[in-house]
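Peer 1: this one's sequence-less:
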């Protein structure tokens, strides 16, 4: 919300500045609106810049006429015409009062911005749109007759992009909604996708003999869990493995690892539980402390490699190329800002 200084208001009160502001206004006769004829902002409101501050023209008109606007208040239109800046067509109100006024006057439909004739940018009436749809002849001639461009006429006739809500002269209560695809979280949808992707899923799993883990060999997240692409979305590999076994996801529950190996997708190594069960299992097995160093799933270096890097006197760029890391990481290691838990006598290096 723009707030103007006293100096800015006094400057506007001067004859020259006031004349420049009001010269951009088309004043209607009688009680008609005074329309801002210069630049506009979103949804048709007039735009003006004063003292390095961008604001709407109707707010500035109120400020010039009545003084500062108290914080938390909006300048609303009695006439419901966004480019109007006539002071007696304006009033102050809170955001909630502005929304209720818009709803009461049917300027908002289903929490959407107004459309059709109610839109601040509308150049046609509903009857004119119906005339355009019924008109025959060249579109360029129709456009010239109604004062719009040919592309606008084409969109109206095809019923796309604009005035889609208008049919046979009757306005629907809301815009037509697109047909929604089947819910991707429904079990029927997932069951069909599981059957079609099961072979692709297991092809990415290493299955050793015995009771060992079946580790995911494809993409893993930063936290070490396998990720499987299902219909363009990433799904945790161990959760999808559980779905292949049981045919459903346990609602409100997590899929946990008995083996504490995040990359494991072996169904026999998985179980279900809530967040509390998961935390208690973490504490009981001593996994509460964050993994760091070699134990971190995202580690690119070993502890010995870090020690060697800190002792290496060569340029950072050369060291980084040898170890497959960035030169900035080499600098952070040498300064002790990474791998801080690793005991090393940097001062002696």
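Peer 2: Looks like it came in fine. Because the structure is predicted, anything quoted here is derived from the model rather than measured. Residues are numbered from 1 along each chain as shown.

Peer 1: looks like residue 76 contacts residue 104 (just checking).
Peer 2: No - assessed by Cβ atoms under 8 Å, residue 76 is found out of contact with residue 104, at 11.9 Å. Quick note: C-beta positions are derived from backbone N, CA and C, even for glycine.

Peer 1: these two - which one has more neighbours?
Peer 2: Comparing residue 76 with residue 104 by other Cβ atoms under 10 Å, the one with more neighbours is residue 76, at 19 against 9.

Peer 1: gap between residue 228 and residue 243?
Peer 2: Note on residue 228: its distance to residue 243, by Cβ to Cβ, to the nearest Å, is 10 Å.

Peer 1: same question for residue 236.
Peer 2: Computed as Cβ to Cβ, the residue 236 to residue 243 distance reads 10 Å.

Peer 1: wait, residue 316 touches residue 331, no?
Peer 2: Yes - assessed by Cβ under 8 Å, residue 316 is found in contact with residue 331 at 5.6 Å.

Peer 1: okay, those two: which has more neighbours?
Peer 2: residue 316 (18 against 14).

Peer 1: residue contacts, the more buried one?
Peer 2: Residue 316 makes contacts with 327, 330, 331, 334, as judged by Cβ atoms under 8 Å, 6 or more residues apart in numbering.

Peer 1: give me the buried subset of the residues you listed.
Peer 2: The neighbour-count test (16 or more other Cβ atoms under 10 Å) marks 330, 334 as buried among the contacts of residue 316.

Peer 1: same list, the contacts of residue 316, but as JSON lines with distance to residue 81, secondary structure and pLDDT please.
Peer 2: Formatted as JSON lines, those follow (distance: Cβ to Cβ, whole Å; DSSP: H, G, I helix; E, B strand; the rest coil; pLDDT from 0 to 100):
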{"residue": "327", "distance to residue 81": "60", "secondary structure": "helix", "pLDDT": "89"}
{"residue": "330", "distance to residue 81": "63", "secondary structure": "helix", "pLDDT": "89"}
{"residue": "331", "distance to residue 81": "61", "secondary structure": "helix", "pLDDT": "89"}
{"residue": "334", "distance to residue 81": "66", "secondary structure": "helix", "pLDDT": "87"}
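
Peer 1: quick one: residue 216 from residue 202, how far?
Peer 2: According to Cβ to Cβ, residue 216 and residue 202 sit 11 Å apart.

Peer 1: higher neighbour count, these two?
Peer 2: residue 216 (25 against 13).

Peer 1: in this protein, which spans are helices?
Peer 2: 6-13, 15-22, 57-66, 95-104, 126-134, 139-146, 150-158, 187-202, 237-246, 275-284, 303-311, 316-323, 327-335 (DSSP state H).

Peer 1: could you list the low-pLDDT ranges of the stretch 1-150 of the chain?
Peer 2: Applying pLDDT under 70 to the stretch 1-150 of the chain flags residues 1-18, 42, 51-52, 103, 105-121.

Peer 1: that older thread, who has more neighbours, residue 236 and residue 243?
Peer 2: residue 243 (22 against 18).

Peer 1: separation between the more buried one and residue 251?
Peer 2: As judged by Cβ to Cβ, residue 243 and residue 251 stand 12 Å apart.

Peer 1: repeat for residue 332
Peer 2: Distance, residue 332 to residue 251, by Cβ to Cβ: 44 Å.

Peer 1: ok, these two, which is more surrounded?
Peer 2: Shown here are residue 332 and residue 251; by other Cβ under 10 Å, residue 332 has more neighbours (14 against 5).
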